[in-house]
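**Student:** Need coordinates for the below:
(2 chains)
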Amino acid sequence: MGGEFRYEIGQNAYIKLILHSLKHSSSAVNGVLLGRVSGDANSVVEISDSVPLFHSQIGLLPPLEIALLMIEEYYSRQGLSIVGYFHANERFDDFELGGVAKNIGDHIYKYFPQAALLLLDNKKLGALSKGKDRSPVMQLYTRDASRTWKFIGSDGSSQLALKEPSANVVLQDYISTGKAENITDFDDHLDDISKDWLNSGLFN
Amino acid sequence: MMSKTEEEEVNRLENQVDNGGGGAWEYLSLVRKLKLRRPNKVVKHGLSILNDPTKRSALGPDEWTLYEQVATAAMDCQCTDVAKDCIKILQKKFPGSKRVGRLEAILLEAKGSWAEADKAYASLLEENPLDQVILKRRVAMAKAQGNVSLAIERLNQYLEIFMADPDAWRELAEIYISLQMYKQAAFCYEELILAQPMIPLYHLAYADVLYTLGGLENILTAKRYYASTIDLTGGKNVRALMGICLCTSAVAQLSKGRNKEDKDGSELHSLASTALEKNYKKISPDNLPLLTSTLKSLKLQS
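**Tutor:** Purely as a prediction, here's the structure:
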């Protein structure tokens, strides 16, 4: 079912997730994707925002359940829902979609069958400064009828695209100015509730 | 694990040094004492001292400690050239030193020369089979190569010798959690709680693992450990308070139709909700309406 869909990820959503991964470069991190379906025949999933979730003990349920509840509550008022999940593995050369990522993906899939599972592509991220790559540094997985998460090839005619073609340029700029330090995730919020998991002031 | 005051102090110093306000040595010493992992800053500020002959000689004998600290941090953020230079200087000062030999071996690991690093570690261990740093490096190397089962095996071997090392138990628990082996992770936290029962972090993590395992028994036990966390933290731990709410909701769902009323549960839930709302009102008032509706939907689920 996910096969015919296109996924468009907005700049802010994209950058938040990458900066989050860079801030916690020695651990696995994850996040949720917010958005809606649009386009003719509802064939495009617009990922307009994202919330970085955790950077430690990602396989535990309680913080995840709280986060999903709060995020759903907040975004439903804006007409957005959870449309996918982002995961960055701990190791640089690990391109496997692990059990935790699949389980969380499965849960999101239950409520949104076109859910996208995005895995950070570390090699692409590392090569960003060398080229003019306009594609997102992530791998797309969707669930098909066989109930497994399938990798959708990351070539030029990809189903996953950046909404703003200059997003990678902006991203590199933020990376070089150390913006990653300003990212707050849900873990940070639970440790200190004065920290804003919405990262509302991040791009000002 | 550091206290809030320690965290504030180290961040304050970091800010100060970052903005040219001096205090680099105090900052680096605090990072060393608290065993924090901030490699980029350590390399940057450490080098600013080491590359300046006046500042360097002002350190006296501490100069060598700083070289070691910068070398280790450099290896952690892939500045292997910096690390090599520091190690060379240390070699000149302390020829034939085992401590420097260790750094050389770790540099091999940092460069990804797994086989050579393995050989170096093996020979270091032959001379001192109880070298904790090297034993841990071998676990880290297995992990870095993606061989998690070997990492677990080596970590378990380490714990058979050093069963009182809380960091090792915590690392093992985290590895198990990442593999969704929750029962094994629970065992690790049980060991930690037995050894250090007054540390709330362990109670909290144990409760989280039990809740994740699921089932009525585990969730009831999780609730007790969230409660003990609240006890040990004076009611300020948001994760534990939320844990209570999650547990009461889950218990109610699991015992539906079993006619088992959890009266204590709903009282505990209200107490926790009230405490959470008070916390949010004081510290994060913008989020209060969101919290309230989230707690309400939790209650509705039960």
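**Student:** Just name whatever secondary elements the helix ranked longest in chain B is in contact with.
**Tutor:** Counting residues, the longest helix found in chain B (DSSP state H) is helix B:263-283. Contacts defined by 3 or more Cβ pairs under 8 Å, 6 or more residues apart in numbering or on different chains; DSSP states H and E place helix B:263-283 against helix B:216-232, helix B:238-254, helix B:288-301. Where you see a C-beta, it was placed from the backbone N, CA and C, and this is true even at glycine.
**Student:** what would those look like in a markdown table with distance to A:E181, mean pLDDT and mean neighbour count?
**Tutor:** Converted to a markdown table, these look like this (distance: least, Cβ to Cβ, whole Å; pLDDT from 0 to 100; neighbours: other Cβ atoms under 10 Å in any protein chain shown):
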| stretch | distance to A:E181 | mean pLDDT | mean neighbour count |
| --- | --- | --- | --- |
| helix B:216-232 | 29 | 96 | 20 |
| helix B:238-254 | 23 | 93 | 23 |
| helix B:288-301 | 26 | 86 | 16 |
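**Student:** Any chance of the ones you listed in CSV with distance to B:E63 as columns?
**Tutor:** Formatted as CSV, these follow (distance: least, Cβ to Cβ, whole Å):
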stretch, distance to B:E63
helix B:216-232, 42
helix B:238-254, 43
helix B:288-301, 52
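**Student:** buried sites along stretch B:277-290?
**Tutor:** B:N279, B:Y280, B:S284, B:N287, B:L288, B:L290 (16 or more other Cβ atoms under 10 Å in any protein chain shown).
**Student:** Where does the prediction get shaky in chain A?
**Tutor:** A:1-3, A:154-158 (pLDDT under 70).
**Student:** Next, find the distance separating the residue most central in space within chain A from A:E8.
**Tutor:** Centroid-nearest residue in chain A: A:F86, 3.5 Å away (criterion: Cα atoms, centre = their mean). Separation of A:F86 from A:E8 (Cβ to Cβ, to the nearest Å): 15 Å.
**Student:** try B:N19
**Tutor:** Distance from B:N19 to A:E8, by Cβ to Cβ: 40 Å.
**Student:** between these two, who's got more neighbours?
**Tutor:** When B:N19 is set against A:E8 and neighbours are counted by other Cβ atoms under 10 Å in any protein chain shown, the residue ahead is A:E8, at 20 against 8.
**Student:** Determine the three-state secondary structure at A:Q139.
**Tutor:** Following DSSP: H, G, I helix; E, B strand; the rest coil, A:Q139 is assigned to strand.
**Student:** residues in contact with the closest residue to it other than its chain neighbours?
**Tutor:** Closest residue to A:Q139 apart from its sequence neighbours, by Cβ to Cβ, 6 or more residues apart in numbering or on different chains: A:L119 at 4.5 Å. Neighbouring residues of A:L119 by Cβ atoms under 8 Å, 6 or more residues apart in numbering or on different chains: A:F86, A:H87, A:A88, A:N89, A:F95, A:L97, A:A101, A:M138, A:Q139, A:Y141.
**Student:** Among those residues, name the buried ones.
**Tutor:** Here the buried ones among the contacts of A:L119, as counted with 16+ other Cβ under 10 Å, turn out to be A:F86, A:H87, A:A88, A:N89, A:L97, A:A101, A:M138, A:Q139, A:Y141.
**Student:** Surely the third one is in contact with A:N30?
**Tutor:** What that stands for is A:A88. Yes. Using Cβ atoms under 8 Å, A:A88 makes contact with A:N30 at a distance of 7.2 Å.
**Student:** ok, and the closest non-adjacent residue to residue 65?
**Tutor:** This is for chain A. B:L246 (6.1 Å).
**Student:** nope, chain B please
**Tutor:** B:R32 (7.6 Å).
**Student:** Tell me how far that neighbour lies from chain A.
**Tutor:** 18 Å (Cβ to the nearest Cβ, to the nearest Å).
**Student:** mind listing what's buried in the strand or helix carrying that residue?
**Tutor:** Taking DSSP states H and E as the definition, one finds B:R32 inside helix B:24-34. Buried residues in helix B:24-34, counted by 16+ other Cβ under 10 Å: B:A24, B:W25, B:Y27, B:L28, B:L30, B:V31, B:R32, B:L34.
**Student:** Chain A contacts on chain B?
**Tutor:** Residues of chain B lying near chain A by Cβ under 8 Å from any Cβ of the partner chain: B:37, B:144, B:146, B:174, B:177-180, B:182, B:205, B:207-209, B:211-212, B:238-239, B:242-243, B:246, B:279-280, B:283-284, B:287, B:290-291, B:293-294, B:297-298.
**Student:** 7 Å - rerun?
**Tutor:** B:144, B:146, B:174, B:177-178, B:180, B:208-209, B:211-212, B:238-239, B:242-243, B:246, B:279-280, B:283-284, B:290, B:293-294, B:297-298 (Cβ under 7 Å from any Cβ of the partner chain).
**Student:** and which of the buried residues of stretch B:277-290 is nearest chain A?
**Tutor:** B:S284 (4.3 Å; Cβ to the nearest Cβ).
**Student:** Alright, calling it a day.
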